[in-house]
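[1] can you look at this prediction? I've put the sequence above it.
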Protein chains: 2
Amino acid sequence: MATHLVNHVQRFASADKTFCDLPPAVAEALEHEALTTTYPTGAVLFAEGQSPRGVFIVRRGRVKLSICGSDGRTLILRMVEPGLLLGVAAVVSGCTYEATAETQEPSEISFLRHSDLLRLMRLHGELALWVTQQISADYASTCREIRDLILSDSASEKLARLLVGWLDQNAEARNPSQMKLALTHEEIGQMIGTSRETVSRLFAGFKKQRLIQQSGSTLVIPNRVALESLITA
Amino acid sequence: MATHLVNHVQRFASADKTFCDLPPAVAEALEHEALTTTYPTGAVLFAEGQSPRGVFIVRRGRVKLSICGSDGRTLILRMVEPGLLLGVAAVVSGCTYEATAETQEPSEISFLRHSDLLRLMRLHGELALWVTQQISADYASTCREIRDLILSDSASEKLARLLVGWLDQNAEARNPSQMKLALTHEEIGQMIGTSRETVSRLFAGFKKQRLIQQSGSTLVIPNRVALESLITA
DNA sequence: ACCCATGTGTGATCCTCATCACCGCTCGAA
DNA sequence: TTCGAGCGGTGATGAGGATCACACATGGGT
């Protein structure tokens, strides 16, 4: 039990870079008030339109943030990585959750109640500032999303942009870069606002042009620059 | 000069509902640090991609917030009304301005330097919380924007949604509601992500269906419900 | 009164996807 | 093994808009 606690603290210390920015007292308060839980794949933390219960902090795993239209179609806003907050906007502004959050893999997630967050923020300007930074980043990312999705037109450009973005995050450094493809064509379509079939056809086209190779769930991008040339074409 | 100051304070007291939420000390600090200027129509407060100098608070007038794609096309994110903040996300998160802000009419706008905002936020949890609420609202509105623009498809649905949204803000209460149409077809197109010609054709169609009437720059919507029936169709 | 700039109306054409339809594959459960 | 569900490939078709190309209005400036 003792060793378990130690691991716990170590992991947080090393993984949660976000907490390092905060004064120790604030970080401790957060740790103290938050309730950390482990979720299986596919757990829904909150759904679009629900009134906010609190915020979630991703410790380990990955969470899919999506919105869905009246006709049932879905758009994936982004994948949320460890260290980031979920649901702040709703809690702070008081309106309903703006999207649906669902775990993509088994994940460890802390929960902080509505009232606790607001109380702590009022108490610690530093914390409030930190939270604001998080939302600001979300906002910026959403603006980029809008630009890419609406002002790009061609679906191939959107897909290329998505792949290049993945390279920056996931890929091993060496060239040709390769990475695991964790999403289905359907989900990729939901990330760039096109249909499953179009994604399939685009991948086929990219392969024909030697822009990508695929073996199993491993995606190889032999030449990043070629891919990038599709963007802003 | 004395009377001028009095008017100043009076107007802020009555128009800036946002400031009422803040403790008087904080509001005063804001007033003290901020620099208020009057801009003509078409003034660019900041442009997408610039590194942030500070935040702007709209006191009077209207500001257009837009982003523009690599091919030159423009998307108007929203019109910013008095009492709201501009450019917070960029200042707080440290990345570049996420959009371009341009006055749509002669406007009175306060400016608060980067460092002053951060200092005040650190100092006053209340202020930080207030700022966070503002960004949260922006974020929520941007998410709605994404949903409407990407998950709607038909251009007519988007236009109907825009008009109904305007009704909620601008229109006189009586039925048939009417309002001033302050934007060109081009700009409307930029708000819903379609071309100028499509907007023109849509308006023609709406008129034929008796959904709208137009005389000069005055738009009459005889039957709001009929318009709404186009949404989620 | 003129002119030019800016906004608007509308046809013709083309192209990109969404959609439907169907097939084959793989993998896990019964 | 067999079945079925989920995923992926690919053709055919059609629709919705972007785009181009005009012509017409409006209105401010000289």
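    Alright, I've got the coordinates. Keep in mind the model is a prediction, meaning the values are calculated, not measured.
[2] relative to helix B:125-150, how tilted is the biggest helix by length in chain A?
    Determined from DSSP state H, the single longest helix within chain A is helix A:125-150. When axes from the mean of the first three to the mean of the last three C-alpha atoms, to 10 degrees is applied, the directions of helix A:125-150 and helix B:125-150 differ by 10 degrees.
[3] now look at helix A:125-150 and say if it contacts DNA strand C.
    No - if you take C-beta under 7 Å from any atom of the strand as the test, helix A:125-150 misses DNA strand C, and the best it gets is 10.6 Å. In this view, the C-beta of every residue, glycine as well, is placed from N, C-alpha and C.
[4] what's next to whichever helix or strand comes after that helix, contact-wise?
    Counting by DSSP states H and E, the next helix or strand C-terminal to helix A:125-150 is helix A:155-170. By C-beta atoms under 8 Å, 6 or more residues apart in numbering or on different chains, the residues outside helix A:155-170 that reach it are A:148-149, A:152, A:177, A:179-180, A:188, A:191-194, A:198-199, A:202-203, A:205-206, A:211-212, A:219, A:221, A:224, A:227-228, A:230-233.
[5] what does stretch A:88-101 give?
    Contacts for stretch A:88-101 (C-beta under 8 Å, 6+ apart): A:44-52, A:54-56, A:63-68, A:77, A:80, A:86-87, A:114, A:117-118, A:131, A:134-135, A:138, B:129, B:132-133, B:135-137, B:139-140, B:143-144.
[6] now the buried members of these.
    Taking 16 or more other C-beta atoms under 10 Å in any protein chain shown as the criterion, what is buried in these is A:45-46, A:48, A:52, A:54-56, A:63-68, A:77, A:80, A:86-87, A:114, A:117-118, A:131, A:134-135, A:138, B:129, B:132-133, B:135-137, B:139-140, B:143-144.
[7] following the helix or strand where A:Val220 lies, which helix or strand comes up?
    Element membership for A:Val220 (DSSP H and E) is strand A:218-221. As assigned by DSSP H and E, the chain's next helix or strand after strand A:218-221 is helix A:224-228.
[8] export that next one as CSV, just CAs?
    Output of helix A:224-228 as CSV, limited to C-alpha atoms (Å, rounded to 0.1, in the frame of the first residue of the first chain):
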residue,chain,number,x,y,z
ARG,A,224,6.3,14.5,-44.7
VAL,A,225,7.0,17.4,-47.0
ALA,A,226,5.0,15.8,-49.9
LEU,A,227,2.0,15.5,-47.6
GLU,A,228,2.4,19.1,-46.5
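[9] so what's the gap between that helix and the chain middle?
    24 Å (C-alpha atoms, centre = their mean, to the nearest Å).
[10] buried set for it?
    Buried, per 16+ other C-beta under 10 Å, within helix A:224-228: A:Arg224, A:Leu227.
[11] does it reach chain B?
    No - using C-beta under 8 Å from any C-beta of the partner chain, we find that helix A:224-228 stays clear of chain B, coming within 12.2 Å at best.
[12] same thing with stretch A:126-145?
    Yes - against chain B, stretch A:126-145 shows contacts by C-beta under 8 Å from any C-beta at A:126-129, A:131-133, A:135-140, A:142-145.
[13] what inclination does the longest helix of chain A have with respect to helix A:155-170?
    Using the same axes, to 10 degrees, helix A:125-150 lies at 150 degrees relative to helix A:155-170.
[14] which secondary structure state is assigned to A:Glu98?
    coil (DSSP: H, G, I helix; E, B strand; the rest coil).
[15] what distance do you get for A:Glu228 to DNA strand C?
    For A:Glu228, the distance to DNA strand C (C-beta to the nearest atom of the strand, to the nearest Å) stands at 18 Å.
[16] list the residues that contact that residue.
    A:Ala160, A:Val164.
[17] and if you look at A:Ala47?
    Contacts of A:Ala47 by C-beta under 8 Å, 6+ apart are A:Tyr97, A:Thr100.
[18] pLDDT score for it?
    In this prediction, A:Ala47 carries a pLDDT score of 94.
[19] likewise for A:Thr37?
    93.
[20] count the neighbours of it for me.
    14 (other C-beta atoms under 10 Å in any protein chain shown).
[21] got the CA coordinates for the helix or strand harbouring it in CSV?
    Element membership for A:Thr37, per DSSP H and E: strand A:35-39. What follows is strand A:35-39 as a C-alpha-only set of coordinates in CSV (Å, rounded to 0.1, in the frame of the first residue of the first chain):
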residue,chain,number,x,y,z
LEU,A,35,-11.6,12.4,-6.7
THR,A,36,-9.6,10.2,-9.0
THR,A,37,-11.2,7.3,-10.7
THR,A,38,-10.2,4.7,-13.3
TYR,A,39,-12.6,4.3,-16.3
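[22] roughly how far out does that strand sit from the chain middle?
    For strand A:35-39, the distance to the chain centre is 18 Å (C-alpha atoms, centre = their mean).
[23] which ones are touching A:His124?
    A:Pro23, A:Ala25, A:Val26, A:Ala29, B:Gly125.
[24] what residue spans form the domains of chain A?
    Following automatic domain parsing, chain A resolves into domains at A:2-150, A:155-228.
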